[in-house]
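Engineer: what follows is a predicted protein model with its sequence.
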Amino acid sequence: MDALFAFALAFLWDLLLGEPPVKLHPVVWFGKLAGLVDSRYKRRFPALDFLVGMVAALMVIAFALLLSLSPSLAPYPLNYLLVVYLLKSSFAARSLHEHVARTVTKDAEEKRKAVSMIVSRDVSKLDEPHLNSAAIESLAENLNDSVVAPLFYFLLFGLPGALVYRAVNTLDAMFGYRNERYEYFGKFSARLDDALNFLPARLTVLLYLPLGMGKVIRYYRLAKFKINSDKPIAAMGAILGVWLEKPGVYRFPGRAPADEDIKRALRLYWLIVTEWVAIVVPLLWTGVCPCLNR
C-alpha cells in the first residue's frame, strides 16, 4: 500500500505539475556528472576510452543508487516526500506529451525547431512528412523510455530500479552514438541500455495488441533494424497506418504522416499510458512486486 500511495502521488504530480525545477531534477544531476567526465577526458585509444566510459557510467549508476536510498536516512514524513519526488523524476508522461504536441504546427520553421528538440537526427533537410514521422517516432520510443520502462523497474526493484534505469537511459542519450567521440567511450552505456530495455520495449508492444493484434504483430515482424527502439515505433505505425522512417536506418509502410496523425498518436499515447497504469496499480495493490518496503 505504501508503494501504491507513493506511485499515485508521483503520477498525480506528473499530470498536474510536470517536471521538477531543472536545478533540482535528478536526471539533470545524472547528466552533469556524466558530462563532467566526458568533457575532461581526452580520447586516447579504444580500450582506454571504453574503460573510462564504463567507469563514468558506473559512477552515475552508483550515484543514482545512493540517491534512491537517501529517503531511508530522512525522518518521517520527509522520507515519504523524497520517495514521491524521486519516483516522479524517473518518468515523464506529461512532459513527453508537451514536447511532441509542439510539433503540431503549420509553420515549417517552428515545426523543424520543435522536432529538433526531441530527436538527435539532423532535421535541417527533412521535409514535412519526415518531420511528422520523427515526432511520432520519438513519442513511440519515449513511451517506453519515459513511462513503461521506469515503472517496470519500479515494480521489480522499487525506487532503486526506477532511478538506476533512468540514469542508464540518460547515459545512453548522452553517449550512445556511433561516432568518433563516443564509439568506444559510450559503448558500455549503450549496451547496458539495450539490455535494460529488452523486456520493456517488448512489453510496450504488447500494450498495443488490444488495439489491433494482427497489424501490430505484422509490423513487429518487420522491426529487425534495432535491438529495441524500433519495436514500439513499429507498433505505433501499425495502429496509425502511417509510414515511419529514419532515413538510412528503417522504414515501416503506410501513408505519409500529417499533423493530424501526430494528434492521433498523442491520443493513442495516453490510451497506452492508461492501460499501463491500470496494470501497475493492481500489482502494487496486491504487493506482488517488491517495492518501497524492502
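Structural biologist: It's in.

Engineer: show me what the helix or strand where residue 269 lies is packed up against.
Structural biologist: Residue 269 is located in helix 259-286, with elements delineated by DSSP states H and E. The helices and strands touching helix 259-286, judged by 3 or more Cβ pairs under 8 Å, 6 or more residues apart in numbering; DSSP states H and E, are helix 2-17, helix 93-101, helix 128-143, helix 149-175, helix 187-208, helix 230-240. Every C-beta, even on glycine, is put in place using the N, C-alpha and C of the backbone.

Engineer: can I get these in JSON lines including mean neighbour count?
Structural biologist: Written out in JSON lines, the entries for the helices and strands packed on helix 259-286 read as follows (neighbours: other Cβ atoms under 10 Å):
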{"stretch": "helix 2-17", "mean neighbour count": "17"}
{"stretch": "helix 93-101", "mean neighbour count": "18"}
{"stretch": "helix 128-143", "mean neighbour count": "24"}
{"stretch": "helix 149-175", "mean neighbour count": "24"}
{"stretch": "helix 187-208", "mean neighbour count": "20"}
{"stretch": "helix 230-240", "mean neighbour count": "27"}
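
Engineer: closest to residue 264 out of those helices?
Structural biologist: Among these, helix 230-240 comes nearest to residue 264, with 5.9 Å by Cβ to Cβ.

Engineer: residue farthest from the centroid of this protein?
Structural biologist: Distance from the C-alpha centroid of the chain, by Cα atoms, centre = their mean, peaks at residue 75 (31.7 Å).

Engineer: shouldn't that one be within a helix?
Structural biologist: No. Assignment of residue 75 by DSSP: H, G, I helix; E, B strand; the rest coil gives coil, placing it outside any helix.

Engineer: and it, its phi and psi?
Structural biologist: Reported as degrees, to the nearest 10, the phi and psi values for residue 75 are phi -70, psi 160.

Engineer: now it: how far from residue 251?
Structural biologist: With the distance defined as Cβ to Cβ, to the nearest Å, residue 75 ends up 55 Å from residue 251.

Engineer: can you check residue 118 too?
Structural biologist: Residue 118 is 20 Å from residue 251, by Cβ to Cβ.

Engineer: and what of residue 244?
Structural biologist: Separation of residue 244 from residue 251 (Cβ to Cβ): 7 Å.

Engineer: more neighbours: which of those two?
Structural biologist: Neighbours around residue 244 and residue 251, counted as other Cβ atoms under 10 Å, are more numerous at residue 244. The numbers are 27 against 15.

Engineer: what sits against the more buried one?
Structural biologist: In this structure, residue 244 makes contact with 133, 136-137, 140, 233-234, 236-237, 250-252, 254, 257, judged by Cβ atoms under 8 Å, 6 or more residues apart in numbering.

Engineer: buried residues in stretch 30-47?
Structural biologist: With burial defined by 16 or more other Cβ atoms under 10 Å, the residues of stretch 30-47 counted as buried are 30-31, 33-34, 37-38.

Engineer: out of the residues you listed, who's nearest residue 204?
Structural biologist: Distance ranking of the buried residues of stretch 30-47 against residue 204, using Cβ to Cβ, places residue 30 first at 22.6 Å.

Engineer: so that closest one touches residue 170, yeah?
Structural biologist: Yes. Contact status for residue 30 versus residue 170: in contact at 4.6 Å, counting by Cβ atoms under 8 Å.

Engineer: need the overlap of contacts for the two.
Structural biologist: Any residue near both residue 30 and residue 170 by Cβ under 8 Å, 6+ apart counts here, and that gives residue 60.

Engineer: tell me the confidence at the closest residue to residue 152 other than its chain neighbours?
Structural biologist: Spatial nearest neighbour of residue 152, excluding adjacent residues (Cβ to Cβ, 6 or more residues apart in numbering): residue 200 at 4.8 Å. With respect to pLDDT, residue 200 scores 98.

Engineer: one more: the one 4 residues further on?
Structural biologist: Confidence at residue 204, expressed as pLDDT, is 98.

Engineer: for it, give its distance to residue 43.
Structural biologist: Between residue 204 and residue 43 the distance, using Cβ to Cβ, works out to 35 Å.

Engineer: which SS class is residue 225?
Structural biologist: Bear in mind the rule, three-state DSSP; under it residue 225 is coil.

Engineer: what's the distance between it and residue 244?
Structural biologist: When Cβ to Cβ is the yardstick, residue 225 and residue 244 sit 11 Å from each other.

Engineer: kind regards, and thank you for your time.
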